[in-house]
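Peer 1: 3D model of this:
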Amino acid sequence: ELMERPYSAYLATIDENGFPSIRAVFNLRCKEKFTHPAKVIEDYDDNPYTVYISTNTSSVKMKHILNDQRIALYFSIPNEVKGIMLQGKAEVLEDKEFKKKIWMDNWKMYYPLGVEDPDFTILKLKPKILRGWFKGPHEHKFTS
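Peer 2: You can find the predicted model right below:
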């Protein structure tokens, strides 16, 4: 539930000086805002903690990730004091069929050439660690 409700999540990368850099990204698991991508992800990946992020290939976050794949992603529902942070290594997803399936036409404002736009990238995070607050503190380390 916590990963499906917020419209956005907060992505932390490590910049060229070794400092964290945080920005909001679309939460493609949000069924209310991103019904189509959420369904595609659900059908494609049965791990409920794997996250997919759409981004511009030319973005600063991609520059950071290509230099250091370690990222953290934070989902929160602030007014309910709930949140989880996922840590792991970002992977640039090369699966063209997945990109076609997840594509939404209104993304042309970000990627004018459509799904084939070289500036359209999908990142995948299969977390190694989950930490959060949901009726008390939680931590889980994934083995695979």
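Peer 1: can we go C-alpha only for contacts and neighbour counts from here?
Peer 2: OK.
Peer 1: how about the most centrally placed residue in the chain, what does it touch?
Peer 2: Centroid-nearest residue in the chain, with C-alpha atoms, centre = their mean: residue 53, separated by 3.6 Å. By C-alpha atoms under 8 Å, 6 or more residues apart in numbering, the residues touching residue 53 are 25-28, 122-124.
Peer 1: compare those and tell me which is most surrounded.
Peer 2: residue 28 (27 neighbours; other C-alpha atoms under 10 Å).
Peer 1: quick one, phi psi at it?
Peer 2: Backbone torsions of residue 28, given as degrees, to the nearest 10, read phi -70, psi -10.
Peer 1: mind checking which helix or strand the residue nearest to the centre of the chain is in?
Peer 2: For residue 53, the element it lies in under DSSP states H and E is strand 51-56.
Peer 1: do residue 88 as well
Peer 2: Following DSSP H and E, one finds residue 88 within strand 82-93.
Peer 1: run the angle between that strand and strand 51-56 for me.
Peer 2: Angle, strand 82-93 to strand 51-56, by axes from the mean of the first three to the mean of the last three C-alpha atoms, to 10 degrees: 60 degrees.
Peer 1: so what sits opposite residue 130 in the bridge?
Peer 2: Counting by DSSP bridges, residue 130 is bridged to residue 86, residue 140.
Peer 1: just residue 9 next, same as before
Peer 2: On the basis of DSSP bridges, residue 9 is bridged to residue 25.
Peer 1: fine by me, thanks again.
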